[in-house]
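J.: next comes the sequence, and after it the predicted model I'd like to discuss.
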Amino acid sequence: MSLIGLDHIVLSVRDVEASLQFYERMLGMARREERPGKWSLHFGSNKISIQQFDSVPEIAKNTLPGTGNFCVLSDQPVGQFADALKISGITIIDGPVERDGATGLIESIYFHDPDGNLVEVSNLIARRLKQNETE
């Protein structure tokens, strides 16, 4: 078996509309109604599905608002991103700090969405060489 990427994540939220507005306004994501009452947020080739916590399908019954933790990459410097968030009243919990990301060294800021999910916005600083690449 070989995994090739991440298709989407799902966030369980208390208020779908408030979450859609937050991610649109603060992160520039685009909302899409996939079917009546089923919403998702899109950015680049990525998707976050949004579920009302009290009507999640049985398979996801144990997902709760505020338990998500994810990282997105931005081409806008995270320092500028942090300034814009602060102006909008969003508290930066940590950062900018350097971390080890999926493909290399990243610089990150951290903040909470309306449900308390931890959101990390990062810039790729240095891409890690793949194992079959030489220096």
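T.: Arrived safely. Predicted model, so just to flag it, every value in this text is computed and none were measured.
J.: what mean pLDDT does stretch 81-89 get?
T.: For stretch 81-89, the mean pLDDT works out to 95.
J.: how about stretch 96-116?
T.: 95.
J.: show me the strands in this structure, by range?
T.: 9-13, 30-35, 38-43, 46-52, 69-73, 94-100, 104-112, 118-127 (DSSP state E).
J.: next, the buried residues of the last one.
T.: If I follow you right, that is strand 118-127. Buried residues in strand 118-127, counting neighbours by 16 or more other C-beta atoms under 10 Å, are found at 118-124. C-betas here are computed from N, CA, C, even on glycine.
J.: tell me what it is packed against?
T.: strand 69-73, helix 78-87, strand 104-112 (3 or more C-beta pairs under 8 Å, 6 or more residues apart in numbering; DSSP states H and E).
J.: distance to residue 5 for these - can I get that in TSV?
T.: Listed next are the helices and strands packed on strand 118-127 as TSV, based on distance: least, C-beta to C-beta, whole Å:
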stretch	distance to residue 5
strand 69-73	13
helix 78-87	23
strand 104-112	16
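J.: contact partners of the longest helix seen in the chain?
T.: Determined from DSSP state H, the single longest helix within the chain is helix 16-27. Contact with helix 16-27 is made by 11, 13, 29-31, 39, 41, 43, 48, 50-52, 72, 85, 88, 90, 113-115, 119, 121, as judged by C-beta atoms under 8 Å, 6 or more residues apart in numbering.
J.: same check, this time on stretch 109-118
T.: Stretch 109-118 has contacts (C-beta under 8 Å, 6+ apart) with 11-15, 18-19, 22-23, 65-70, 78, 81-82, 85, 90-97, 119-122.
J.: what's near enough to touch the closest residue to residue 34 other than its chain neighbours?
T.: Nearest non-adjacent residue to residue 34, counting by C-beta to C-beta, 6 or more residues apart in numbering: residue 40, 5.7 Å away. Residues near residue 40 by C-beta under 8 Å, 6+ apart: 8, 31-32, 34, 47-50.
J.: can you list the buried residues in the longest helix of the chain?
T.: Buried residues in helix 16-27, defined by neighbour count with 16+ other C-beta under 10 Å: 16, 19-20, 22-23, 26-27.
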